[in-house]
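>>> fold the following.
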Amino acid sequence: MSRFQKATLSFLIVIALGFAIQAVSLYQTKWQQPLGPALQISTVTPFELPATWTPDPNATKTPLASLVLVSVTKKVSTPPTSAQCGAQQSVMNLLLIGSDSRGDAYDYGLADLIRIARVDFVNAKVTVLEFPRDLWVKIPDIADNLNGQDHEKLNQAYLYGNPGFGYTTDAAQGPGLLARTLALNFGVQIDHYAAVNMRTFVNIVNAVGGIDVYLPEPVDGRTADDLSSRLVFPAGNIHLMGDRALTLARIRIKGGFERGENQNRVLCALRDQLSKPATIKDIPDLIKAFEDNVQTDLSPQQISQLACIGALTEAGNIRFANFPESLFNVTREYDPVFKKDISIVKADFKILREYVVQFNEGTWPPASGTPENHKEEVPFCP
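Coordinates of the predicted model:
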């Protein structure tokens, strides 16, 4: 090979390496690029207590006596060396939203499911906390559009933030406004969000071959207006495809709390299906297939890390926590927007914040037992 040929070959190799490096760089950039706008929770004013508020002298008698006012600004820390799956943080709090929108877009739709998933990348633990959708809460940004009214149901924060109403300038739209509402009222710490509408949920369940759900007792959602057999689910282990899984998750004939339990069972079953070896290998393709059909600020890399930690997490380390049902009062409130009384859920937010503080810290729910004087259901994934 002549000197000229060697020089030409060397030049071509350098060019090829340059293109290869550029391609790898572009791939890594896309892999690490969030799929949607980031949350702006740091702009939310922390929740306020009345100027005359003083500690309850009887508070020491309760297991959650200490009310800690926490900042909702994001924490900045160095990546933990003990975090698994290549995660850049030890704990991620993820807002999970199930929209009741039946279309492909996210212009409209209420938040039918509201959960905070606390993912511990160090100890491989996941705790999922439900927030009742009918809680009567203060929602940022909406007063100018509702003639000064700043309170509505929690699930409406998501609706008002999305483009159909567009009552916020938050780049994260519905998920952003819902996240800020949770932070404002309850001090919830949220790092990222993922919202799925009904059609996408059905498609995801179908894409993984359906899910296996265990029901301790039959579920009968039939009403006088709908006696269809599709609303009846037998007790025991049942295999559900997308439409049936969605139907089970939406039945609320016995109230919102029972529906929350069924939603937890569906989520748990979906997690089990996603963690199977046969499914794990398909996760990159699933991400690619559904990335344009989900509202999220997660990057493909973070989704892969969540899938990884999910596969490493033992069933006993996945907990679905509910606030004690006794804390809630289902009542009616006149809503000027609808010009009628509507059914809502009220609660003592100070007590809920006490639970949230401990949830943020990873100390509630406890590993075993329940707090004195407070009964709560914390079902494990079977």
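>>> what's the closest non-adjacent residue to the spatially most central residue of the chain?
Central residue of the chain (C-alpha atoms, centre = their mean): Leu96, 1.5 Å from the mean position. Excluding its sequence neighbours, the residue lying closest to Leu96 (C-beta to C-beta, 6 or more residues apart in numbering) is Arg115, at 4.3 Å. Any C-beta I mention is one placed from the backbone N, CA and C, and that applies to glycine too.
>>> low-scoring pLDDT stretches of the protein, where are they?
Within the chain, the ranges that satisfy pLDDT under 70 run 1-29, 42-81, 368-382.
>>> helices along that one, start to end?
For the chain, helices defined by DSSP state H occupy the ranges 3-32, 154-161, 173-186, 198-207, 242-250, 256-274, 277-280, 283-290, 300-312, 349-361.
>>> out of those helices, nearest to Val119?
Closest to Val119 of the helices of the chain, according to C-beta to C-beta: helix 300-312, at 6.2 Å.
>>> elements contacting the closest one?
Secondary-structure packing of helix 300-312 (3 or more C-beta pairs under 8 Å, 6 or more residues apart in numbering; DSSP states H and E): helix 3-32, strand 91-99, helix 256-274, helix 283-290.
>>> quick one: distance of the second one to the chain centre.
Here the centre of strand 91-99 is set off from its chain's centre by 2 Å, with C-alpha atoms, centre = their mean, to the nearest Å.
>>> equivalent analysis for stretch 31-41, please.
Distance of stretch 31-41 from the chain centroid (C-alpha atoms, centre = their mean) equals 15 Å.
>>> CA atoms only: put that stretch into PDB for me.
Only the C-alpha atoms of stretch 31-41 are listed here, as PDB (Å, rounded to 0.1, in the frame of the first residue of the first chain):
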ATOM      1  CA  TRP A  31     -31.800   8.600  25.400                       C
ATOM      2  CA  GLN A  32     -31.300  11.200  28.100                       C
ATOM      3  CA  GLN A  33     -33.700  13.800  26.700                       C
ATOM      4  CA  PRO A  34     -37.000  14.200  28.700                       C
ATOM      5  CA  LEU A  35     -40.100  13.300  26.700                       C
ATOM      6  CA  GLY A  36     -42.000  16.300  27.900                       C
ATOM      7  CA  PRO A  37     -41.600  19.600  29.800                       C
ATOM      8  CA  ALA A  38     -40.200  19.400  33.300                       C
ATOM      9  CA  LEU A  39     -42.200  20.200  36.500                       C
ATOM     10  CA  GLN A  40     -42.100  23.700  38.000                       C
ATOM     11  CA  ILE A  41     -42.900  22.800  41.500                       C
END
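>>> what's in contact with it?
Contacts to stretch 31-41, defined as C-beta atoms under 8 Å, 6 or more residues apart in numbering, come from residues 72-74, 170-173, 175-176, 179-180, 183, 190-193, 291, 294-301.
>>> mind doing that once more with 7 Å?
Contacts with stretch 31-41, where a contact means C-beta atoms under 7 Å, 6 or more residues apart in numbering, come from 72, 74, 170-172, 176, 179-180, 183, 190, 193, 291, 295-301.
>>> ditto for stretch 289-298
Stretch 289-298 is contacted from outside by 34-39, 104, 106, 172, 175, 192-196, 200, 204, using C-beta under 7 Å, 6+ apart.
>>> next, the distance between the ends of that stretch.
15 Å (C-alpha to C-alpha, to the nearest Å).
>>> could you dump the helices of the chain into CSV with distance to Pro216 added?
Shown next, in CSV, are the helices of the chain (distance: least, C-beta to C-beta, whole Å):
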stretch, distance to Pro216
helix 3-32, 42
helix 154-161, 27
helix 173-186, 30
helix 198-207, 21
helix 242-250, 13
helix 256-274, 9
helix 277-280, 26
helix 283-290, 30
helix 300-312, 24
helix 349-361, 25
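>>> export those helices to a markdown table and tack on distance to Asp120 and mean neighbour count?
Below are the helices of the chain laid out as a markdown table (distance: least, C-beta to C-beta, whole Å; neighbours: other C-beta atoms under 10 Å):
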| stretch | distance to Asp120 | mean neighbour count |
| --- | --- | --- |
| helix 3-32 | 22 | 10 |
| helix 154-161 | 26 | 26 |
| helix 173-186 | 20 | 27 |
| helix 198-207 | 24 | 19 |
| helix 242-250 | 25 | 20 |
| helix 256-274 | 15 | 20 |
| helix 277-280 | 20 | 12 |
| helix 283-290 | 20 | 15 |
| helix 300-312 | 8 | 19 |
| helix 349-361 | 11 | 20 |
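>>> quick one: closest of those helices to Val126.
Closest among these, using C-beta to C-beta: helix 300-312, at 7.2 Å.
>>> and the closest one, how far out from the chain middle?
Using C-alpha atoms, centre = their mean, the offset of helix 300-312 from its chain centre is 15 Å.
>>> stretch 84-98 now?
Using C-alpha atoms, centre = their mean, the distance between the centre of stretch 84-98 and that of its chain works out at 10 Å.
>>> same check on stretch 96-103?
Using C-alpha atoms, centre = their mean, the offset of stretch 96-103 from its chain centre is 12 Å.
>>> no further queries at this time; thank you.
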